[in-house]
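In: Provided below for reference: sequence and predicted model.
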Amino acid sequence: MSGPTPRKGIMDIRPYKPGSSEAPGIEKPAKLSSNENPLGASPKAIEAYKTCADSLHLYPDGAWVKLRESIAARYELDAERLVCGAGSDEILQMVGKAYLNPGEAILRSEFGFLVYGLVAKQSLADIQVAEEKNCTADVDALLAAVTDKTRVVFVANPNNPTGTYLPASEIRRLHAGLPENVLLVVDEAYAEYMRRDDFETALPMASQFPNVLVTRTFSKIYGLAALRLGWAYGPADVIGALNRVRGPFNVSVPAQAAGAAAIHDLEFEERSVEHNEQWRPWLEREIAKTGLKVTPGYGNFVLVHFDPEGAKTADAADNFLKSKGLIVRPLQPYGLGDALRMTVGTEDENRRLAAALQEFVSGA
């Protein structure tokens with residue numbers, strides 16, 4: 001007896017595989033595979049989370065009023081033009097539900113975040129890809145790839161898994177070259193880590209233009225990955241469409257409370273940035289000393305390249321690091337099979353990682 005048949009194309013989707021957290025034979029490995037905050041979570045968020053214990057029997061605020069007001073106050077935004085979700089991943093999926101029909105297309109850069117492709121496939125839409133230069137999105141290539149089928153352009157800034165970014169002038173040039181009926185989604189999951197003079201958030205563009213949406217997450221710098229919380233800001237019409245395809249209670253009570261507290265914990269945010277500004281460049285320098293190529297990045301991770309064949313491949317490095325209790329992120333699904341993404345960890349984890357890579361390269 002055969003059961004129900006899924007919609008055409010659904011079984012062709014390769015489910016998203018999160019960063020691993022286990023190393024065989026190692027009881028407590030260092031997880032450097034998911035770009036989590038090595039300092040933990042915002043202390044103010046933790047306290048707010050604890051206050052929710054006596055209200056777990058109540059439904060969440062389906063309009064996330066306090067959370068939206070907190071975000072709006074921090075960034076001087078219109079709270080009515082904010083939408084919240086179970087991580088920014090859910091908001092990206094809302095975009096697919098609201099704006100993609102079968103046979104239409106999304107456009108992403110060559111090494112863009114894998115979820116963009118999943119969004120397209122879930123909507124039976126096509127995936128258009130623009131080649132990158134030096135692991136960096138190329139605006140000219142993106143614009144050249146736009147067709148009559150293109151409905152959404154996804155750009156992560158800075159990008160995961162490469163860590164590279166586009167200056168504000170390039171984001172504006174990309175938007176200016178897009179048709180008005182194409183939605184530009186700027187994924188700023190790592191924007192809080194950026195300290196470059198030519199980088200700007202696209203939030204002002206989302207205030208100004210009818211076809212720009214900016215997404216953010218609480219999973220990275222605020223250390224709230226376990227709570228699954230994200231937000232987006234955009235035109236009233238776009239936010240209205242997203243609100244029509246989301247679940248009515250899609251953000252839990254503890255997540256809303258923790259997020260509202262975390263967004264104003266500037267001391268923790270700055271401490272997280274300072275840690276990253278110290279240890280990401282340190283890791284890049286120490287790894288480069290081994291002879292391995294490192295793509296200069298600006299998130300809370302580094303992208304390291306290995307030999308395509310022989311004894312020093314990315315697979316060999318991944319296995320070696322696991323044997324040392326260090327879990328990193330293989331990138332075959334991204335088309336970067338010769339590279340590994342490594343989260344900036346604690347001081348001890350970073351030193352262990354650098355030493356292990358030196359040992360791997362030297363063969364000691």
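Out: Nice, thanks for sending it over.
In: Residue 130 and residue 54, how far apart?
Out: 51 Å (C-beta to C-beta, to the nearest Å). Every C-beta, even on glycine, is put in place using the N, C-alpha and C of the backbone.
In: who has more neighbours, the two?
Out: Counted by other C-beta atoms under 10 Å, residue 130 and residue 54 do not tie: residue 130 has more neighbours, with 21 against 7.
In: Looks like that one contacts residue 144 (just checking).
Out: Yes. Applying C-beta atoms under 8 Å, one finds residue 130 in contact with residue 144, separated by 7.2 Å.
In: contacting residues for residue 302?
Out: 163, 280, 283-284, 287, 294-295, 341-342, 344 (C-beta atoms under 8 Å, 6 or more residues apart in numbering).
In: what about it, which SS state?
Out: strand (DSSP: H, G, I helix; E, B strand; the rest coil).
In: quick one, strands of the protein?
Out: Ranges of strands in the chain, per DSSP state E, are 30-31, 82-85, 105-109, 126-130, 150-156, 183-187, 212-217, 230-233, 293-295, 301-305, 326-327, 329-330, 339-343.
In: Mind checking the ones you listed for the one nearest to residue 48?
Out: strand 82-85 (15.5 Å; C-beta to C-beta).
In: Which strands or helices does the closest one pack on?
Out: Judged by 3 or more C-beta pairs under 8 Å, 6 or more residues apart in numbering; DSSP states H and E, strand 82-85 is in contact with helix 65-75, helix 87-99, strand 230-233, helix 236-243.
In: one more time with 6 Å, if that's ok
Out: Where contact means 3 or more C-beta pairs under 6 Å, 6 or more residues apart in numbering; DSSP states H and E, strand 82-85 is packed against helix 65-75, strand 230-233.
In: what about the first one, average pLDDT?
Out: Which is helix 65-75. Averaging pLDDT along helix 65-75 gives 98.
In: what's in contact with it?
Out: Helix 65-75 has contacts (C-beta atoms under 6 Å, 6 or more residues apart in numbering) with 79, 82, 84, 231, 256, 259-260, 263.
In: Identify each buried residue in that helix, please.
Out: 67-68, 70-72 (16 or more other C-beta atoms under 10 Å).
In: Could you export those residues as a markdown table, including distance to residue 333?
Out: Converted to a markdown table, those look like this (distance: C-beta to C-beta, whole Å):
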| residue | distance to residue 333 |
| --- | --- |
| 67 | 32 |
| 68 | 34 |
| 70 | 35 |
| 71 | 32 |
| 72 | 36 |
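In: Residue 311 and residue 319, how far apart?
Out: 12 Å.
In: What of residue 268?
Out: 36 Å.
In: And for residue 62?
Out: Relative to residue 319, residue 62 is positioned 47 Å away (C-beta to C-beta).
In: Could you do residue 362 as well?
Out: Taken as C-beta to C-beta, the span from residue 362 to residue 319 is 17 Å.
In: What of residue 138?
Out: 33 Å.
In: Neighbour count for those two, which is higher?
Out: Set residue 138 next to residue 319 and count neighbours by other C-beta under 10 Å: residue 138 wins out with 19 against 13.
In: Before we move on, what's the pLDDT of that one?
Out: 98.
In: what residues are up against residue 354?
Out: Contacts of residue 354 by C-beta under 6 Å, 6+ apart are residue 286.
In: most surrounded residue in the contacts of helix 65-75?
Out: residue 259 (28 neighbours).
In: list the contacts for that residue?
Out: 67, 218, 229.
In: For it, give its distance to residue 82.
Out: For residue 259, the distance to residue 82 - C-beta to C-beta - is 11 Å.
In: elements contacting the longest helix belonging to the chain?
Out: Taking DSSP state H as the criterion, the chain has its longest helix at helix 266-289. On a contact count with 3+ C-beta pairs under 6 Å, 6+ apart, helix 266-289 meets strand 293-295, strand 301-305, helix 347-362.
In: Of these, which is nearest residue 31?
Out: helix 347-362 (9.0 Å).
In: Now do the closest residue to residue 194 other than its chain neighbours, the pLDDT please.
Out: Spatial nearest neighbour of residue 194, excluding adjacent residues (C-beta to C-beta, 6 or more residues apart in numbering): residue 298 at 5.8 Å. On the pLDDT scale, residue 298 is placed at 94.
In: What is the neighbour count of residue 298?
Out: Residue 298, neighbours per other C-beta under 10 Å, totals 22.
In: That one is in contact with residue 159, isn't it?
Out: No. Residue 298 lies out of contact with residue 159 (C-beta atoms under 6 Å); the separation is 9.3 Å.
In: Distance of the residue nearest to the spatial centre of the chain relative to residue 145?
Out: When C-alpha atoms, centre = their mean is applied to the chain, the residue found nearest the centroid is residue 189 (4.6 Å). Per C-beta to C-beta, residue 189 is found 23 Å from residue 145.
In: got it, and residue 101?
Out: On the measure of C-beta to C-beta, residue 101 and residue 145 end up 19 Å apart.
In: Compare neighbour counts for the two and give me the winner.
Out: Between residue 101 and residue 145, counted using other C-beta under 10 Å, the more crowded position is residue 145 (18 against 10).
In: Identify the residues contacting the more buried one.
Out: 107, 128, 130.
In: likewise residue 173?
Out: residue 139.
In: give me the beta-bridge partners of residue 154?
Out: On the basis of DSSP bridges, residue 154 is bridged to residue 108, residue 185.
In: residues contacting the closest residue to residue 158 other than its chain neighbours?
Out: Nearest residue to residue 158, sequence neighbours excluded (C-beta to C-beta, 6+ apart): residue 165, at 3.9 Å. Applying C-beta under 6 Å, 6+ apart to residue 165 gives the contacts 157-158, 298.
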